[in-house]
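Student: Please work out how this folds:
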Amino acid sequence: MTDRIEAAAAELRPLLQEFILWAPEHAPDSDPDLVGPAVLWHRLAASPHIGRWRRKDLRTILLDRMPQVVEDPQEAADGMIPAVRAYLTFMSETGRLAEGSDKLDVLLDELEELEEEFTEAMDEVADYDSDDDDDAEEAESLGDFEPFADVIGGLPTIRLRPDVELAEAARAVPLLTTTRDLAIWVGPSRKVGEESLLTDAEIKEALAATGLPEPPPATGDDDAPLAQRVPALWNVWNLAVDLEFLLPQGDDTVGVADDTAAWPFDDDEDVLDVWLLGLQSVDYGDPELDDEELTLTLSGLTRAALVRLLVAEGSRDLNELRAELEEAVSDLDDLGADAWAAATEQNGDALATVVDWLKEYRIVTVEGDDVRLTPLGFEGVVHLVDDADIEVDARPAIDAMTALDLLSFSAELPEDEADAEFAAWMKLREPAQAARELLQAAAEDDADALIRVQAASMVGTLGDQAVPAWQEALEISSLRPYAATHLTQLEVEEAPEPTQADTQWLILDMWTISAGLGRQEFVSSLHDIGSAGDLCNLLDVIWKVPHPHLEELLEAIGQAHPDRQVGKAAKRALFKARSSAN
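Tutor: Okay, the predicted model is just below:
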């Protein structure tokens, strides 16, 4: 999932940069920075195309997703709807609403209808967060990750496997197969009871269909109804509901979803979506005891085990982990020792259900006394840490890192770390091939100036071995300015001299990047050109360059530069650029 989030963010970055430049003039009352989470989750959860927006997507994003991910619910309540309204208008006016989108007026009408519900949802989140802050010490849970935040933040870089490998592992998760089989057994429509979802006969059928063991016959000492003696079945049932393998069909009726029988799905992204959705049910691994109060005392035990595995860099001695958790339970709750003893007596090992669930979900492997996170497990725990708003350094494994991955991550890293990533990546390929991969990645999106500059910088360190790649890049309009510059510096025979337009393209890339950093950085980059007169002279000619961000940049210069003459020159250049385009 982390790979997908990073990829989606990289895909959206140039578009959001354009929106940030567009917004001050066209939607001055909106805060363009607030639209980021909504746009990101639209891409991740609602549409494979960043330009396709439908009315139904807005409810999914704003009412289902945003309450889970916004960092400042009050700020979102005040400004996210206007920001999304401005963004959709920007998409429409710039011709970026893709085929299959609803019309702009339909989308804006839906936003208006949702605004009150969205504000209420954000207020609820704010109230909940406030209660959490007031009662933080009292509400501390066994499964909280927050006490480990500093340790997690200081861990060595966690290397994640690519989605194709993770999806292949997820397809083999036994618990998902069991969940599918239960849903298929339920069938298209099945009535469920009020006190017990299923009759004893149905329970036995369900156990047989899923391969779950049937409990021994009730005795005098244990004459509890069958429904109370099959907690594993109800955990699988609840997981089926969580995964939407089972859907409500009406009052007291459930049925299998249409695509459930197709699990495991062919599409890697769909497979990981299902697996990650099930990850939220991690607490089903916690022990269920006869005493409800003791059961609550051990609530969060599975998460507690996971976070301790993470801070140990993925591996622990099971006996040491058991002892540490027993101590943590006892320290946290007066009933902790009793709860631990009850779980041990009932299951033979207080961690039995925890380890079983984690193994069945392919999060851990156990060999002897060694319990270890799998690659899928690392992906899942990093996802849970992200959900807890804790910083963790997780990146693709070097051997699985594409050139675009490298460029995207390096753009966000300190220079020494970015250099180290590049050096490690280079060890796995020849310089000439590396240069081609980097420049091809930079050419994928003409609008992404940051990736382009990063690629040119890296390829520039490869010297003469990058010459063939630079020569090929001369044929790519967005890379030609960089190619001509570097080939000239390398004194390659018959290399074209950089033209005035090439130099101006490089300037426009620099301005695009600085505009994304904020107004102060943008104005500083304008001052780097020289005096106001120098900038005016540049604006008189730079409008001819067919740069993807030209018009937005000229608008931004007219608004941001403190010199009135520069503002006028920028507006004249913008008029000429638009007239030329038309």
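
Student: C-alpha only now, for contacts and for neighbours.
Tutor: Fine.

Student: Lys544: how many residues sit nearby?
Tutor: Here the number of neighbours of Lys544 (other Cα atoms under 10 Å) works out to 16.

Student: my read is Gly255 is in a strand, agree?
Tutor: Yes. Under DSSP: H, G, I helix; E, B strand; the rest coil, Gly255 sits within a strand.

Student: For the residue nearest to Arg452 when sequence neighbours are not counted, give me its contacts.
Tutor: Using Cα to Cα, 6 or more residues apart in numbering and skipping residues adjacent in sequence, the residue nearest Arg452 is Ala442, 4.9 Å away. Counting by Cα atoms under 8 Å, 6 or more residues apart in numbering, Ala442 touches 404, 448, 451-452, 455.

Student: Reformat those as JSON lines; add pLDDT and secondary structure.
Tutor: Below are these laid out as JSON lines (pLDDT from 0 to 100; DSSP: H, G, I helix; E, B strand; the rest coil):
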{"residue": "Leu404", "pLDDT": "94", "secondary structure": "helix"}
{"residue": "Asp448", "pLDDT": "92", "secondary structure": "coil"}
{"residue": "Ile451", "pLDDT": "95", "secondary structure": "helix"}
{"residue": "Arg452", "pLDDT": "96", "secondary structure": "helix"}
{"residue": "Ala455", "pLDDT": "96", "secondary structure": "helix"}
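
Student: Return the member of those residues nearest to Arg436.
Tutor: Closest approach between the contacts of Ala442 and Arg436, by Cα to Cα: Ala455, at 10.1 Å.

Student: need the contact list for that closest one.
Tutor: When contacts are counted by Cα under 8 Å, 6+ apart, Ala455 touches 407, 438-439, 442.

Student: how about these, which pair is most distant?
Tutor: Counting by Cα to Cα, the most remote pair of those is Leu407 and Leu439, 10.3 Å apart.

Student: would you turn the contacts of Ala455 into JSON lines with pLDDT, distance to Arg303 and secondary structure?
Tutor: Formatted as JSON lines, the contacts of Ala455 follow (pLDDT from 0 to 100; distance: Cα to Cα, whole Å; DSSP: H, G, I helix; E, B strand; the rest coil):
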{"residue": "Leu407", "pLDDT": "94", "distance to Arg303": "34", "secondary structure": "helix"}
{"residue": "Leu438", "pLDDT": "97", "distance to Arg303": "40", "secondary structure": "helix"}
{"residue": "Leu439", "pLDDT": "97", "distance to Arg303": "43", "secondary structure": "helix"}
{"residue": "Ala442", "pLDDT": "95", "distance to Arg303": "40", "secondary structure": "helix"}
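
Student: Among the residues you listed, which one sits closest to His49?
Tutor: Relative to His49, the closest of those is Ala442; by Cα to Cα it sits at 20.0 Å.

Student: pretty sure Pro82 is touching Ser30, no?
Tutor: Yes. With contact defined as Cα atoms under 8 Å, Pro82 reaches Ser30; the gap is 5.6 Å.

Student: Tell me, how many residues neighbour Glu214?
Tutor: Neighbours around Glu214, by other Cα under 10 Å: 16.

Student: what are the phi and psi angles of it?
Tutor: For Glu214, the backbone dihedrals (degrees, to the nearest 10) come out as phi -90, psi 130.

Student: Distance check, it against Arg564.
Tutor: From Glu214 across to Arg564, the span is 82 Å (Cα to Cα, to the nearest Å).

Student: Please apply the same query to Arg572.
Tutor: 12 Å.

Student: Thr157 now?
Tutor: Where Arg564 is concerned, Thr157 sits at a distance of 49 Å (Cα to Cα).

Student: now do Leu108
Tutor: Counting by Cα to Cα, the separation of Leu108 from Arg564 is 36 Å.

Student: Can you show me the helices along the stretch 151-300 of the chain?
Tutor: Secondary structure of the stretch 151-300 of the chain (DSSP state H, counting those that start in this stretch): helices located at 163-171, 174-186, 200-210, 231-242, 268-279, 292-297.

Student: Can you convert the contacts of Ala455 into a markdown table and add a column each for distance to Ala76?
Tutor: Formatted as a markdown table, the contacts of Ala455 follow (distance: Cα to Cα, whole Å):
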| residue | distance to Ala76 |
| --- | --- |
| Leu407 | 31 |
| Leu438 | 38 |
| Leu439 | 38 |
| Ala442 | 34 |
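
Student: residue contacts, the residue nearest to Gly211 when sequence neighbours are not counted?
Tutor: For Gly211, ignoring the flanking residues on the chain, the nearest one in space by Cα to Cα, 6+ apart is Thr178 at 7.6 Å. Thr178 is in contact with 210-211, 236, counting by Cα under 8 Å, 6+ apart.

Student: Please give the number of neighbouring residues around Arg303.
Tutor: Other residues lying near Arg303 total 21 when counted by other Cα under 10 Å.

Student: Could you pull up the mean pLDDT of the top helix by length along the chain?
Tutor: Taking DSSP state H as the criterion, the chain has its longest helix at helix 104-134. Helix 104-134 shows a mean pLDDT of 80.

Student: Kindly report the same for stretch 372-383.
Tutor: For stretch 372-383, mean pLDDT is 97.

Student: go on, stretch 64-84?
Tutor: Per-region confidence: stretch 64-84 scores 87 on mean pLDDT.

Student: Please save the CA atoms from that stretch in PDB.
Tutor: The C-alpha coordinates for stretch 64-84 follow below in PDB (Å, rounded to 0.1, in the frame of the first residue of the first chain):
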ATOM      1  CA  ASP A  64     -16.100   7.700   4.400                       C
ATOM      2  CA  ARG A  65     -12.400   8.400   3.900                       C
ATOM      3  CA  MET A  66     -11.700  11.900   5.200                       C
ATOM      4  CA  PRO A  67     -12.900  11.400   8.800                       C
ATOM      5  CA  GLN A  68     -10.300   8.600   9.000                       C
ATOM      6  CA  VAL A  69      -7.300  10.500   7.500                       C
ATOM      7  CA  VAL A  70      -7.600  14.300   8.200                       C
ATOM      8  CA  GLU A  71      -5.000  15.600  10.600                       C
ATOM      9  CA  ASP A  72      -7.000  18.800  11.600                       C
ATOM     10  CA  PRO A  73     -10.700  18.100  11.400                       C
ATOM     11  CA  GLN A  74     -11.600  21.700  12.400                       C
ATOM     12  CA  GLU A  75      -9.600  23.100   9.500                       C
ATOM     13  CA  ALA A  76     -11.100  20.500   7.200                       C
ATOM     14  CA  ALA A  77     -14.600  21.400   8.300                       C
ATOM     15  CA  ASP A  78     -14.000  25.100   7.600                       C
ATOM     16  CA  GLY A  79     -12.200  24.700   4.300                       C
ATOM     17  CA  MET A  80     -12.100  21.300   2.600                       C
ATOM     18  CA  ILE A  81     -15.500  21.700   0.700                       C
ATOM     19  CA  PRO A  82     -14.500  25.100  -0.800                       C
ATOM     20  CA  ALA A  83     -11.100  23.600  -1.700                       C
ATOM     21  CA  VAL A  84     -12.600  20.600  -3.500                       C
END
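
Student: Run through the residues that contact Glu165.
Tutor: With contacts defined as Cα under 8 Å, 6+ apart, Glu165 has no neighbours.
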